[in-house]
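Visitor: model this:
(one chain, ligands or ions: 1)
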Amino acid sequence: MAAALWRRGWRFRWRAPAAAGRVRGAAGPAAAGQRNYDLLVIGGGSGGLACAKEAAQWGRKVAVVDYVEPSPRGTRWGLGGTCVNVGCIPKKLMHQAALLGGQIRDAHHYGWEVTHPVPHNWRKMAEAVQNHVKSLNWGHRVQLQDRKVEYFNIKASFVNKHTVCGVTKGGKETLLSADHIVIATGGRPKYPLHVEGALEYGITSDDIFWLKESPGKTLVVGASYVALECAGFLSGLGLDTTVMMRSIPLRGFDQQMASLVTEHMESHGTQFLRGCTPLQVRRLPDGCLQVIWEDRVSGREDMGTFDTVLWAIGRVPETRSLNLEKAGVKTNPDNEKIVVDAQEATSVPHIYAIGDVAER
Ligand code: NAP
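Guide: Numbering: from 1, shown residues only. The predicted model follows:
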């Protein structure tokens with residue numbers, strides 16, 4: 001996407017401020033200690049890294065800032081964004097683990113004398129997945145270095161149209177300014193804050209791939225991509241897994257296909273609570289989580305106990321901490337995404353937004 005944006009002529013528009021002398025911050029010349037770039041990318045996920053590397057190959061002076069705010073549960077990870085750390089990559093590896101389990105179960109039909117049951121060791125799988133992800137974090141760091149892209153592990157917020165202030169974990173501040181800025185901060189999972197105990201006791205996809213111990217009997221709330229993918233591999237690993245669905249599965253997706261997906265999952269052990277919404281989560285003296293929910297079909301309340309409650313009810317864009325108003329970048333008030341045009345430019349022409357944080 002970033003490469004396409006580049007090819008579509010971004011580089012032509014780029015020359016104007018350089019020829020006229022650097023625009024170093026709307027407030028005037030660069031402050032002492034301030035670092036200046038042709039391009040500053042905020043967010044080191046798939047979009048941000050691709051964009052930064054492409055720009056550097058065109059000979060531009062580029063910096064990437066990336067900072068992972070730990071999840072409410074305290075999970076943190078490295079460079080590479082959602083896909084690498086808490087999305088596609090660990091998900092596919094855990095699916096692979098689940099698929100292998102299925103093959104082991106089928107193997108005796110093909111003459112393999114496997115003694116059943118074959119136990120699965122979550123700790124071992126998680127360690128292997130996490131080590132793989134860490135190797136990718138490292139690979140991204142090396143790629144940036146090779147292409148002479150400067151990387152800062154700092155949390156950025158706008159000071160003005162051309163300048164951001166980055167703060168390290170230890171509280172040290174750095175000012176970075178650039179002719180062009182790309183916002184690629186993605187999004188984070190939502191918590192149903194109206195549900196008592198949701199934040200205190202629940203986890204999200206930001207945590208599940210980094211658990212050192214098995215989540216055990218799990219309630220997955222939500223019925224879209226994240227929910228069904230997580231429930232799929234948890235069931236496949238032999239865990240007692242229930243999906244709480246308030247309406248339909250995979251809204252927006254072909255419903256005939258969505259039914260095939262849920263039927264397949266049910267036939268492979270995933271349980272579904274249909275037409276139900278959670279009301280409360282509390283911890284019982286034995287450590288289990290008791291979940292109370294409303295069954296909208298019967299109109300009654302019901303409850304169950306689980307070891308883990310996984311919220312998979314959608315994601316919110318990471319725009320709140322960016323101080324976008326200082327730069328004049330407009331967001332859609334309904335979903336907090338950054339409004340962009342067909343060239344991925346925001347309401348401020350030299351500031352772009354790409355990926356999950358942007359809305360066309
Ligand atoms: P999502 O697509 O926004 O769906 C949210 C799900 O949670 C829906 O089933 C929704 O039900 C339910 N929900 C919302 N609020 C709820 C509440 N308060 N109580 C109970 N249920 C609630 O969320 P997502 O699965 O997290 O996906 C986020 C984004 O990532 C999407 O754009 C998705 O396409 C993308 N993604 C893609 C892939 C892939 O392509 N493989 C994988 C993962 C994620 P209703 O339908 O009733 O609203």
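Visitor: partners of the lengthiest strand in the chain, with directions?
Guide: Counting residues, the longest strand found in the chain (DSSP state E) is strand 173-183. Using DSSP bridges, the neighbouring strands of strand 173-183 in the sheet come out as strand 35-42 (parallel), strand 163-167 (antiparallel), strand 351-353 (parallel).
Visitor: roughly how far is that strand from the heart of the chain?
Guide: For strand 173-183, the distance from its own C-alpha centre to the chain's C-alpha centre is 23 Å (C-alpha atoms, centre = their mean, to the nearest Å).
Visitor: what comes up buried for it?
Guide: Taking 16 or more other C-beta atoms under 10 Å as the basis for neighbour counts, the residues of strand 173-183 that come out buried are 174-183. Where C-beta positions appear, they are placed from N, C-alpha and C, glycine not excepted.
Visitor: The residue of the stretch 251-360 of the chain found nearest the ligand: what's it in contact with?
Guide: For the stretch 251-360 of the chain, the residue positioned closest to the ligand under C-beta to the nearest ligand atom is G314, at a distance of 3.3 Å. When contacts are counted by C-beta atoms under 8 Å, 6 or more residues apart in numbering, G314 touches 189-190, 222, 224.
Visitor: what about 7 Å?
Guide: If a contact means C-beta atoms under 7 Å, 6 or more residues apart in numbering, then G314 has K190 as its contacts.
Visitor: Please apply the same query to the one 4 residues further on.
Guide: Taking C-beta under 7 Å, 6+ apart as the criterion, E318 is in contact with 185-188, 357.
Visitor: same deal with G202?
Guide: By C-beta under 7 Å, 6+ apart, the contact set of G202 is 191, 281, 309-311.
Visitor: Out of the residues you listed, which is nearest to M257?
Guide: Taking C-beta to C-beta as the measure, L310 is the one of the contacts of G202 closest to M257, at 23.4 Å.
Visitor: Work out for me the element the closest residue to G236 other than its chain neighbours sits within.
Guide: Spatial nearest neighbour of G236, chain neighbours left out: A98 (2.5 Å); criterion: C-beta to C-beta, 6 or more residues apart in numbering. With secondary structure defined by DSSP states H and E, A98 is part of helix 88-107.
Visitor: Need the contact partners of the helix or strand following that helix.
Guide: Of the helices and strands lying after helix 88-107 in sequence (DSSP H and E), the nearest is helix 122-146. Applying C-beta under 7 Å, 6+ apart, the external contacts of helix 122-146 come out as 44, 49, 52-53, 64, 78-80, 84-85, 89-90, 93-94, 97, 151, 209-214.
Visitor: Now do helix 122-146 against helix 88-107: the angle between them, please.
Guide: Between the axes of helix 122-146 and helix 88-107, defined by axes from the mean of the first three to the mean of the last three C-alpha atoms, to 10 degrees, the angle is 140 degrees.
Visitor: average model confidence for helix 122-146?
Guide: Along helix 122-146, the predicted confidence averages to a pLDDT of 98.
Visitor: helices and strands around the following helix or strand past it, which ones?
Guide: Reading on from helix 122-146 to the C-terminus, the next helix or strand found by DSSP H and E is strand 150-152. With contacts defined as 3 or more C-beta pairs under 7 Å, 6 or more residues apart in numbering; DSSP states H and E, the secondary structure elements packing on strand 150-152 are strand 62-65.
Visitor: Tell me where this protein has helices.
Guide: Chain-ordered helices for the chain, with DSSP state H as the definition, fall at 2-5, 11-19, 46-57, 81-86, 88-107, 122-146, 198-201, 205-208, 225-236, 255-267, 324-327.
Visitor: what residues does the chain put near the ligand?
Guide: 192, 221-227, 229, 246-248, 251, 277, 312-315 (C-beta under 6 Å from any ligand atom).
Visitor: would you put the C-alpha positions of stretch 274-285 in PDB?
Guide: Provided in PDB are the C-alpha atoms of stretch 274-285 (Å, rounded to 0.1, in the frame of the first residue of the first chain):
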ATOM      1  CA  ARG A 274     -26.300 -17.700  20.400                       C
ATOM      2  CA  GLY A 275     -28.200 -14.400  21.100                       C
ATOM      3  CA  CYS A 276     -26.400 -13.900  24.400                       C
ATOM      4  CA  THR A 277     -24.600 -10.800  25.800                       C
ATOM      5  CA  PRO A 278     -22.400 -10.700  28.800                       C
ATOM      6  CA  LEU A 279     -23.500  -8.800  31.900                       C
ATOM      7  CA  GLN A 280     -20.800  -9.400  34.500                       C
ATOM      8  CA  VAL A 281     -17.600 -11.300  35.200                       C
ATOM      9  CA  ARG A 282     -16.400 -12.100  38.700                       C
ATOM     10  CA  ARG A 283     -13.700 -14.200  40.200                       C
ATOM     11  CA  LEU A 284     -14.800 -17.100  42.400                       C
ATOM     12  CA  PRO A 285     -12.800 -18.300  45.500                       C
END
